[in-house]
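Undergrad: quick one: sequence and predicted model below, then my questions.
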Amino acid sequence: MENQTAVTARGVEILALEDFLKVMEVKPQLFGWDALLVFDKQATNVLLTQEYIERLDVPDKFFPKLPDGVVDAGNGIEHVLLGLQLDKARLSFENADLKGSAAKLGMRVVAGKHLEVMEVYHDGEPVRAVQALTVYSTATHGLLDMNINLRAVDGTVDTNGGVLLDIQDAYDHRFSGGGTGSEKIRLGLYFDAVFESWNEDGSNRLKFPLSELVVDNNSPINPKEFVLLTHAPDSAKVRGSEKYGDGAVVVFISFGGGKGTLPPDNKSLVYMLPDAPEPYTSNLLLSHKFIAEQVVSLGLNQFDWVRGKFDVVELAGGRYKLVANAAGGDGYTDYKFSDEGHGGSTQRWSWKLSIDGALTHIFNSGNEIVFEGRSIKARWGYAGQAATLVYWLQTGDSAGLTRSLAVNTEVRIDAEYKFVVSGQGGGATLKFQKTSYTSEVNVSVQDDFGSGGGADDARAKSKALIEPLKAALRSMLQGKVDSLENMTFEIDALRLNNLLFRGETVVEPRDAALPLDLTLLGNLASKQTTLTVNPSEVIVASGQPFEFKAESAPGDVTWTVKNLPGETGDTGKFNDPKKGIYTAPSDAALLTEGQRRLIVTATSGAFVSRALVSVVPSHVTVNPWVAAVNVGRGHALSAGTPDSSALVWDTPQLGTVAPDDDPLNLGGYKYSAPAQLPRREATDPQYYRSLRMDPVTVRAAAGGAPATIDMLVVGVKDPNYWLEPNANGDGSVELKFYRINMDLEKVEVTGEVEWTVVRGSGTINKDTRVFTPTPGANDQYVIIAAYWVNDFVPGTCDYVILPMPYTSVRKSAERLYPENEKAGDIWKAI
């Protein structure tokens, strides 16, 4: 017990290779699992990022299309989320702790609209009006993080080879970036509802596809279930130490024979990446039991001479050996011997000797194959008759006498085997290799020759067969022992790496050893993880430069940029491909696209690394894009730049902006509307009596194009006048302007009405009251005001903020409330 405690205590350290192998010799270390995959955590995260970038054009099967949704904020306010799109999910490992292993699935919100809708009742019916609009893109930095408790997650491989991580019972999510704290909370509530509905419908929507694995039902190495955890040595937790932050990702794998147990904490498991001058970043371990039962035992059964003759026997401490259940391993040698002689002076004699082949067992019942000394050792022996010497003797005129004399052999074999890494066939594989071999062969002939001169002569001459027969038997034994190196058991165990990674040859094995469990140490995709581009993901404004850094480059670096597969457009360029200074494209198409994603590649010899670049039209992004606020009230604002540089908030004409003290809007600003609107001048439009635009301009301190938040300040406005827009099939919008008359009836406003497109482009036909957007316009929204011109009732106006294109928004709204009366009129006032 003391010895085991000492080993366990050492096992949490990063051991030198020899010390690591000594610890692994003490007992099996895989906790009952068939295999362990162990990868350096940092290299794992780098490779996962590289694979994410390489596969951006491949459709993601994880999240289906997100449904539109509504979050009720109370007091007649609803937050409507339309057309949200997430990019591909990416997995990263956040910590290194067996007891509290955590991973993160991150997905950026790259498109969609967030509308704040106010519901009021007119003539007994709800009418809804957009009060604020946020448009999401890559530039808004919206990120959905799903934090995963790995100990509570099961991994499976389906019948088609899909590697799935079932996270439905083991996640919590958080939305970050993309706006104020309140906005993040609302988006979080939206995703709460979505995930809950996916959990309830019994689908596999929350099974994250890690990778794909080739399924071979005839192979013993066919993973069925797995668990992902992270592990850290003690030195990784010591701030300032050379190893601070180190850690490993550990995949516990079952091949279908039942799962093992999970180590309760870091100290319970040997740290499986030993120290070396060239660090190991991967280790594949196959359990001692699996090696005995599925590799060695099944491998022996491929040979007729040993098939079925050895049983796997479990020993104390979880060890195994193979024991012969009968004598066997018949080895035949086509050895032939013949001789004859005659003589005698007083009485003539003649004799003849002959042997036609020899056959002997190689092992006896109870002989063993054992695992010790980091080798597989065969200790075999057998004693018995191997051949028959036919002996004929004639004396004088007799007819002669024939006898069959036993040729007895005693054989002993000591052979050792180990696993080595082979590069044959274009990829690294494991091979079974003999490392040492000794044999001992003794031959004796039954002494039943008789007496007399002829018998004495035959006896003496028979000794000549012994050494050649020994040599023939030795050769036969050598061939048998050598033949075991031709075992064709499953040796492509490296495909297990596809449980986590999609690449075909992501691991480069270097060293194999068999202390008990087989350990195969190597490098994790060194050509993709040695050289790294920093940052690996960046947002760059149109036409702006950005400098990438190549870290750990073994030599000169060449920089290139390209579109995603299947996409077109200006990519920008590196003016000097030997320097990492990139200039983003500035073509007009970016205004329509909203963003363009490109891949930057750094190459240094055989080493390569990639980065994902999202090019956006504006250097500054704002939230919201537009909002309506009553006089004397405030509204939370936020803004950012791709490089998180300092911002300057210009003072608007009517209201004020200042840093927000709301803890839900840390780093954001607050717009405060004036207590009242200034008086309308005679030359101003009529709606100035009730509404004013008060744009808030946000600029990057370093320069560049500014961004504007349209604040619509609402003053005196009669709530009994309202607009109800209705989308037409041609993209135009019919604008109905209603009021409540003295009989409390809903009637259309007649007489002189001033119609104004306050923001956006398009025209309004005053006779038909139809708004027609300007063809080809890139407006995300338009603001329209209607004012009934009169001299005796103030505030006879209303406004609408129309998300564009309006037709698609209405269709989205109808999806919010299927088979519900709200579907028809949620947008009556939008």
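TA: Nice, thanks for sending it over.

Undergrad: quick test: name the residue nearest the centre of this protein.
TA: residue 210 (4.5 Å; Cα atoms, centre = their mean).

Undergrad: who's in contact with it?
TA: 91, 155, 163-165, 499-500 (Cβ atoms under 8 Å, 6 or more residues apart in numbering). Every residue, glycine included, has its C-beta placed from N, CA and C.

Undergrad: same question for residue 430.
TA: Here residue 430 is in contact with 419-422, 491, 493, 509, 512, 518, 520 (Cβ under 8 Å, 6+ apart).

Undergrad: would you double-check that it falls in a helix?
TA: No. Applying DSSP: H, G, I helix; E, B strand; the rest coil, one finds residue 430 to be strand, outside a helix.

Undergrad: quick one: it from residue 691, how far?
TA: 76 Å (Cβ to Cβ, to the nearest Å).

Undergrad: the residue in the chain sticking out farthest from the centre and residue 452: what is the separation?
TA: Note on the chain: the largest C-alpha distance from the chain mean falls to residue 346, namely 96.4 Å (Cα atoms, centre = their mean). Per Cβ to Cβ, residue 346 is found 11 Å from residue 452.

Undergrad: check residue 382 too.
TA: Residue 382 is 35 Å from residue 452, by Cβ to Cβ.

Undergrad: spit out the contact partners of residue 640.
TA: So residue 640 contacts 140-141, 620-621, 647 (Cβ under 8 Å, 6+ apart).

Undergrad: which residue ranges of the stretch 1-150 of the chain form helices?
TA: 2-11, 17-26, 41-54 (DSSP state H, counting those that start in this stretch).

Undergrad: the second one: which residues count as buried?
TA: When burial is assessed from 16 or more other Cβ atoms under 10 Å, helix 17-26 yields the following buried residues: 17, 20-21, 23-26.

Undergrad: show me what it packs onto, helices and strands only.
TA: The contact analysis (3 or more Cβ pairs under 8 Å, 6 or more residues apart in numbering; DSSP states H and E) places helix 17-26 against helix 2-11, strand 507-513, strand 518-524.

Undergrad: got the contacts of residue 210 as a markdown table, with neighbour count and distance to residue 780 columns?
TA: Below are these laid out as a markdown table (neighbours: other Cβ atoms under 10 Å; distance: Cβ to Cβ, whole Å):
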| residue | neighbour count | distance to residue 780 |
| --- | --- | --- |
| 91 | 21 | 33 |
| 155 | 25 | 42 |
| 163 | 22 | 40 |
| 164 | 19 | 38 |
| 165 | 26 | 37 |
| 499 | 21 | 43 |
| 500 | 24 | 40 |
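
Undergrad: filter those down to the ones in strands?
TA: Within the contacts of residue 210, residues falling in strands by DSSP state E are 91, 155, 163-165.

Undergrad: which of those residues lies closest to residue 478?
TA: Proximity of the ones in strands among the contacts of residue 210 to residue 478 (Cβ to Cβ) peaks at residue 163, which lies at 44.4 Å.

Undergrad: that closest one bridge partners, please.
TA: Beta-bridge partners recorded for residue 163 (DSSP bridges): residue 157, residue 211.

Undergrad: and it, how far is that from residue 282?
TA: Remark: distance between residue 163 and residue 282 (Cβ to Cβ) = 17 Å.

Undergrad: low-confidence stretches in the stretch 451-600 of the chain?
TA: 488-494, 504-505, 591-594 (pLDDT under 70).

Undergrad: endpoint to endpoint, stretch 80-92 covers what distance?
TA: One end of stretch 80-92 to the other measures 31 Å (Cα to Cα, to the nearest Å).

Undergrad: now residue 138. Nearest residue, chain neighbours left out?
TA: Nearest residue to residue 138, sequence neighbours excluded (Cβ to Cβ, 6 or more residues apart in numbering): residue 614, at 4.1 Å.

Undergrad: beta partners for residue 149?
TA: residue 102.

Undergrad: what residues go with each domain of the chain?
TA: Domain assignment of the chain by the TED database yields the ranges 17-283, 304-486, 532-616, 621-714, 721-816.

Undergrad: test my guess that residue 27 contacts residue 317.
TA: Yes. Using Cβ atoms under 8 Å, residue 27 is in contact with residue 317, at 5.5 Å.

Undergrad: neighbour count: those two, which is higher?
TA: A side-by-side neighbour count of residue 27 and residue 317, using other Cβ atoms under 10 Å, places residue 27 first with 16 against 10.

Undergrad: could you report the neighbour count for residue 167?
TA: Counted with other Cβ under 10 Å, residue 167 comes out at 24.

Undergrad: pLDDT score assigned to it?
TA: Note on residue 167: pLDDT of 77.

Undergrad: ok so, going back, in a helix, that's where the residue farthest from the centre of the chain is, yeah?
TA: No. Under three-state DSSP, residue 346 sits outside any helix and is assigned coil.

Undergrad: how close does it get to residue 745?
TA: 156 Å.

Undergrad: now do residue 686
TA: 25 Å.

Undergrad: neighbour count winner among the two?
TA: Shown here are residue 686 and residue 745; by other Cβ under 10 Å, residue 686 has more neighbours (20 against 9).

Undergrad: wait, what's in contact with the more buried one?
TA: Residue 686 neighbours (Cβ under 8 Å, 6+ apart): 680, 754, 787, 789, 797.

Undergrad: list phi and psi for it.
TA: The phi/psi pair for residue 686 (degrees, to the nearest 10) reads phi -60, psi -40.

Undergrad: repeat that for residue 475.
TA: The phi/psi pair for residue 475 (degrees, to the nearest 10) is phi -60, psi -40.

Undergrad: same deal with residue 742?
TA: According to degrees, to the nearest 10, residue 742 has phi -70, psi -20.

Undergrad: could you measure from it over to residue 787?
TA: Distance from residue 742 to residue 787, by Cβ to Cβ: 21 Å.
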